[in-house]
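In: Provide a 3D model corresponding to the input given below.
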Amino acid sequence: MTDADEPTDPTPADATAEEIRALEVSVAETEARLTRLRDDLAELRRRAAQATTAPTAGASPLNPEAHISNSQKAALFLSLFSGRGNVHAVRVEGQIGPEGEVLKGYRPEWRAMTAADVARHLKGETVKGTDFVLGSYPMTSRTHCRFLAFDFDEKTWREDAKAVIRAARTEGIPLAPEISRSGEGAHLWLFFTEPVPAATARRLGFALIAKAVAMRSSPKLMSFDRLFPAQDVLKNDTAIGNLIALPLQRGPRLRGASTFTDDELQPLAAPWTYLQSVRRLSAEDVTDALVRLERSMGAKPLDVDGLTADAVSPKEPPFSLVIEDFFAYPDRPLRAATPQVELRLGAAIGIRSDALTPELRAALIRMGSFWNTEYLVAKRRMMPTRGQPPRFILADERGGWFTLPRGLLPKVRELFTEHRIAYRIVDERTPGTQMDLAFHGTLRPQQVRAVETIAGHDEGILVAATGFGKTVVASALIAKRKVSTLIVVPSKVLADQWRNRLLVFLGLQKKEVGQLGAQRKRLTERVDIAIDRSLATMEPEKLAAFLAPYGQIIVDECHHAAAGGLIDALNAFRGRFRVGLTATPKRRDAKMPAVKMLLGPVVGRFKGDSIGDRRLTVVPTRCFSGYFAGAKSGREAFDEAVRALMTNGLRNDLITRWAEDLLAVNRRTLVLTKRIEHLAILRERLSPLTPHFFVLEASMGAKARKALVADIEALPPETPLILLATGGVAGEGFDLPRLDALLLTFPVKWEGLLEQYVGRLLRPAPGKTDAWVVDFVDRQIPVLFSMWRKRQVGYRKVKFREEDPQGAALSAAGAAGSAAWVQPHPAAPEAAVADIGETFAPDAPDQADLLAAVDAAFTGEPDLGDGPAAWAEAAPDELDPAVCGSLFEDLPDGR
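Out: Numbering: from 1, shown residues only. You can find the predicted model right below:
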């Protein structure tokens with residue numbers, strides 16, 4: 001034996017590694033044994049539940065629970081289902097109210113629920129022709145609840161409810177299933193021995209949902225509607241929260257509904273006996289179950305000490321977000337169930353389900369989902385969230401395959417690499433048809449870089465400013481790749497623009513460019529244009545067949561791709577290349593993450609060669625007083641404000657004066673409003689100012705719009721003009737480069753919409769040196785002034801600056817005009833023309849809190865990464881009626 005053959009003593013590192021391996025084996029064996037024990041326990045509980053269906057001694061087949069007296073049933077019912085101690089609900093659906101109105105739903109009864117109430121409920125009494133049905137408010141106080149209930153009410157409710165039941169049984173959590181009153185849904189009840197913090201109870205509920213998702217073959221649980229209670233904490237001590245209709249009412253029970261079931265959702269013959277045996281959890285049990293479940297799922301442990309009443313604040317969303325994003329904090333390495341994971345790349349990323357462990361599957365589900373901002377805003381404002389899913393989930397699973405949108409491939413590879421999961425990619429994308437094309441044009445240096453950038457990625461989004469020439473860049477890309485291409489656009493206007501550009505830059509004949517949509521259905525399967533609405537109506541099989549010939553899809557204005565029809569189209573596209581083009585990579589509903597999942601990440605941003613001198617003049621209107629004294633709440637209040645804004649003669653005089661002054665300094669002015677009624681009013685005022693007056697409205701057909709643009713382009717470039725339009729038709733796809741001034745006469749808030757509007761001025765044109773926006777700001781109305789503050793942020797992002805020396809003269813004229821409008825008008829009552837600038841001044845001490853409240857309502861929380869781009873974007877473009885309905889009522893002196 002040589003020296004090399006002699007055994008050596010183990011090093012400390014070897015000993016440590018061996019010890020680690022031994023402990024890992026021991027942990028695996030213990031976990032396996034624990035799983036077997038939980039399965040055995042679940043089976044015993046299932047048998048116990050089934051045993052309760054057997055009649056007991058002395059019971060008749062018609063009344064198997066005769067041994068339980070009515071008073072015992074009432075006492076058991078009250079101990080399980082009583083929520084708030086001083087109030088309960090009674091169904092009034094269909095009853096006639098005191099003023100002859102037909103009542104709906106439930107009304108609160110401001111007293112404790114009694115045994116007599118329970119007896120009427122169980123017997124199925126009727127009141128005024130309506131079944132007497134009790135409802136309970138789960139929140140016993142601002143922060144605590146007596147029970148937790150899961151609500152399932154869509155077509156997959158049986159499968160989804162059973163998945164959650166199985167998850168609960170494996171964790172030893174005693175859910176009691178009930179078929180809901182309609183018979184078309186289920187409730188799963190978890191009862192407590194004492195009031196439990198609602199935040200803790202709801203976190204346990206969402207943890208069970210996460211467990212069920214990880215265990216079953218669908219990541220969506222689409223029928224899951226909500227938890228009762230629906231909030232972690234109530235707004236104040238007098239709020240009572242949402243209610244849940246209570247079970248075991250006689251009428252529905254005769255139909256096999258509103259009764260408790262076994263784990264297979266089959267009604268029990270002896271539900272009272274079953275309820276007597278249901279285990280209830282203490283607050284300590286809930287916490288222990290949650291910690292145990294989180295540990296098994298790899299989530300961040302719950303900070304139990306932080307769940308005091310003082311710590312739970314409705315203005316602090318982070319904890320509530322953690323509750324509903326159970327996989328947000330994995331604290332251990334992920335692993336696969338197979339030595340190597342195969343990623344099949346076709347229309348989507350496909351992974352065999354049996355290759356995924358629960359924790360890896362959960363991480364991929366989270367990667368393929370994003371927050372619903374409307375849900376978050378409603379939750380933060382303590383408003384109902386019913387019908388709003390917490391997250392949008394683009395991951396799916398069926399037929400043994402787990403799928404993710406194809407644009408997530410870089411993130412999937414990054415995740416697998418980080419956790420050292422071996423994988424290989426099987427490319428099943430289709431190449432499309434090869435074509436002989438050449439680009440007939442000259443690219444600017446920035447456009448050359450844009451083509452090179454996007455050509456370096458099979459999937460990705462190109463963000464380029466208005467006027468950059470995205471269609472030119474895309475034409476060069478088509479010529480470079482030389483594969484059959486489908487171009488998807490949101491409107492006929494854009495389809496016509498693309499057709500014209502393709503004929504010029506690719507040297508194609510009209511018959512060589514096909515189109516689907518806008519009354520056309522002729523395709524070449526080489527270079528074609530499709531209007532997105534035409535794809536949305538296709539059946540899945542026809543859609544897949546339609547997309548099959550193309551090797552590349554280009555989606556113009558791709559921020560629209562989060563719409564349902566386009567999601568289906570992109571999920572069915574198997575071609576190699578996916579390209580998105582946009583100038584505004586944001587959506588008001590914050591669904592831009594879906595676009596990136598479908599098309600890929602943003603691979604390039606280009607500013608373009610648009611106009612550099614960008615001027616903004618702010619015109620404060622002091623024309624309002626007394627208009628909102630009797631304002632109604634909600635949407636009606638905003639509509640009243642809009643009517644006042646549109647019909648105010650002084651304000652419209654101010655707009656007319658500015659339009660006239662801009663003509664005097666040779667401007668080509670776009671006058672924008674958002675309402676047809678306002679357009680008609682302004683048309684009457686502006687048309688006499690110049691023979692070069694044009695109106696662009698939604699009712700105009702394509703030929704009329706084309707003729708209007710042709711008439712404008714036929715004028716000498718230096719000719720001053722006025723184009724009056726609504727924002728909907730002068731937004732995306734509208735192209736008139738000579739425009740160099742904008743009168744924004746109607747308030748908007750969303751910066752994406754503002755970018756579209758001012759973008760009409762930023763296209764280069766011969767002799768054009770600057771762009772000028774005049775914004776009419778209604779400072780006297782807090783809601784509209786808050787919208788202006790949002791626009792200020794948008795203006796800064798597109799490099800518009802307030803005032804400049806060059807525009808001082810005209811601005812002074814405008815200011816003088818503005819001052820004139822607050823003088824008494826001969827035909828107006830004194831109250832209507834009083835200058836209330838001081839009363840509504842934004843810096844007035846008595847208005848500071850009110851303006852802060854408005855700002856908070858529209859600002860919300862900061863950016864959450866790939867969650868909502870900004871919470872404020874989830875609010876409607878104009879205002880949130882629930883907030884602003886009360887603002888007018890709170891103004892000083894009833895204003």
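In: Flag every buried residue along the helix or strand harbouring Arg292.
Out: Secondary structure assignment for Arg292, by DSSP states H and E: helix 283-297. Using 16 or more other CB atoms under 10 Å as the test for burial, helix 283-297 gives 283, 285-287, 289-290, 293-294, 296-297. The way it works is simple: take the backbone N, C-alpha and C, and place the C-beta from them, glycine included.
In: Show the contacting residues for the most centrally placed residue in the chain.
Out: Nearest to the geometric centre of the chain sits Asn372, at 3.4 Å (CA atoms, centre = their mean). Contact analysis of Asn372 by CB atoms under 8 Å, 6 or more residues apart in numbering lists 388-392.
In: was I right about Leu443 contacting Val472?
Out: Yes. Look at Leu443 against Val472 with CB atoms under 8 Å: they come within range, at 7.0 Å.
In: neighbour count winner among those two?
Out: Taking other CB atoms under 10 Å, Leu443 and Val472 do not tie; Val472 has more neighbours (20 against 17).
In: my guess is Arg120 contacts Asp131, does it?
Out: No. The criterion here is CB under 8 Å, and Arg120 misses it with Asp131 at 10.0 Å.
In: list the contacts for Tyr550?
Out: Contacts of Tyr550 by CB under 8 Å, 6+ apart are 432, 483-486, 525, 528, 573, 575.
In: at 7 Å what do you get?
Out: 432, 484-486, 575 (CB atoms under 7 Å, 6 or more residues apart in numbering).
In: would you list these in TSV and tack on pLDDT and secondary structure?
Out: Converted to TSV, the contacts of Tyr550 look like this (pLDDT from 0 to 100; DSSP: H, G, I helix; E, B strand; the rest coil):
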residue	pLDDT	secondary structure
Gly432	95	coil
Ser484	97	coil
Thr485	97	strand
Leu486	98	strand
Gly575	96	strand
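In: Now do the strands in the stretch 51-200 of the chain.
Out: Ranges of strands in the stretch 51-200 of the chain, per DSSP state E, counting those that start in this stretch, are 88-91, 106-109, 126-127, 130-131, 134-136, 144-152, 176-179, 186-197.
In: how about the ones you listed, which one is nearest Pro766?
Out: Pro766 lies closest to strand 144-152 among those, at 63.7 Å (CB to CB).
In: Alpha carbons only: can I get that closest one in CSV?
Out: Output in CSV follows, covering the C-alpha atoms of strand 144-152 (Å, rounded to 0.1, in the frame of the first residue of the first chain):
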residue,chain,number,x,y,z
HIS,A,144,-61.4,40.8,17.7
CYS,A,145,-63.8,38.2,16.3
ARG,A,146,-65.6,35.1,17.6
PHE,A,147,-65.3,32.9,14.5
LEU,A,148,-63.8,32.8,11.0
ALA,A,149,-65.7,31.7,7.9
PHE,A,150,-64.5,31.0,4.3
ASP,A,151,-66.9,31.8,1.5
PHE,A,152,-67.0,29.9,-1.8
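In: List the buried residues in that strand.
Out: Going by 16+ other CB under 10 Å, strand 144-152 has these buried residues: 144-152.
In: Could you do stretch 81-94 as well?
Out: 81-84, 87-92.
In: Next: stretch 534-548.
Out: 534-535, 538, 543-544, 546-547.
In: Next: stretch 412-423.
Out: 412, 415-416, 421, 423.
In: now swap in stretch 468-483 and tell me
Out: For stretch 468-483, using 16+ other CB under 10 Å, the buried residues are 468-479, 481-483.
In: hmm, who's touching it?
Out: Against stretch 468-483 from outside (CB under 7 Å, 6+ apart): 431-439, 441, 443, 447, 450-451, 454-455, 462, 464, 485, 497-498, 501-502, 505-506, 527, 551-552, 554, 577, 579, 581, 606, 608.
In: And the average pLDDT for it is what?
Out: Averaged over stretch 468-483, pLDDT sits at 95.
In: try stretch 108-127
Out: The model assigns stretch 108-127 a mean pLDDT of 91.
In: what's that stretch in contact with?
Out: 70-71, 73-74, 77-78, 82, 85-90, 131-134, 240, 246, 248-251.
In: Now go through these and say which are in helices.
Out: Using DSSP state H, 70-71, 73-74, 77-78, 250-251 are the members of the contacts of stretch 108-127 that sit in helices.
In: where in the stretch 451-600 of the chain is pLDDT low?
Out: Within the stretch 451-600 of the chain, the stretches with pLDDT under 70 are 564.
In: ranges for the helices of it?
Out: Assigned by DSSP state H, counting those that start in this stretch, the helices in the stretch 451-600 of the chain fall at 470-481, 492-505, 532-536, 540-547, 564-572, 592-599.
In: low-confidence ranges in the stretch 201-350 of the chain?
Out: 216-220, 222, 297-332.
In: thinking again about what came up before, redo the strands of the stretch 51-200 of the chain as JSON lines? Include distance to Thr261.
Out: JSON lines is the format used below for the strands of the stretch 51-200 of the chain (distance: least, CB to CB, whole Å):
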{"stretch": "strand 88-91", "distance to Thr261": "23"}
{"stretch": "strand 106-109", "distance to Thr261": "24"}
{"stretch": "strand 126-127", "distance to Thr261": "26"}
{"stretch": "strand 130-131", "distance to Thr261": "21"}
{"stretch": "strand 134-136", "distance to Thr261": "20"}
{"stretch": "strand 144-152", "distance to Thr261": "13"}
{"stretch": "strand 176-179", "distance to Thr261": "5"}
{"stretch": "strand 186-197", "distance to Thr261": "8"}
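In: Ok, which of those comes nearest Ser491?
Out: When the strands of the stretch 51-200 of the chain are compared by CB to CB, strand 144-152 sits nearest Ser491, at 40.0 Å.
In: From the contact counts, what lies against that closest one?
Out: Helices and strands touching strand 144-152, by 3 or more CB pairs under 7 Å, 6 or more residues apart in numbering; DSSP states H and E, are helix 157-170, strand 186-197, helix 198-215, strand 224-228.
In: what would these look like in TSV with mean neighbour count and distance to Glu342?
Out: Converted to TSV, the helices and strands packed on strand 144-152 look like this (neighbours: other CB atoms under 10 Å; distance: least, CB to CB, whole Å):
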stretch	mean neighbour count	distance to Glu342
helix 157-170	22	26
strand 186-197	21	37
helix 198-215	24	21
strand 224-228	24	31
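In: burial of the residue nearest to Leu784 when sequence neighbours are not counted, as a residue count?
Out: Leaving aside its chain neighbours, Leu784 sits nearest to Asp778 (4.1 Å; criterion: CB to CB, 6 or more residues apart in numbering). By other CB under 10 Å, the residues close to Asp778 number 23.
In: Same question for Glu640.
Out: 16.
In: With Leu408 instead?
Out: 24.
In: Ala704 too?
Out: 12.
In: tilt between the host helix or strand of it and helix 492-505?
Out: Element membership for Ala704, per DSSP H and E: helix 702-713. Going by axes from the mean of the first three to the mean of the last three CA atoms, to 10 degrees, helix 702-713 is angled at 60 degrees with respect to helix 492-505.
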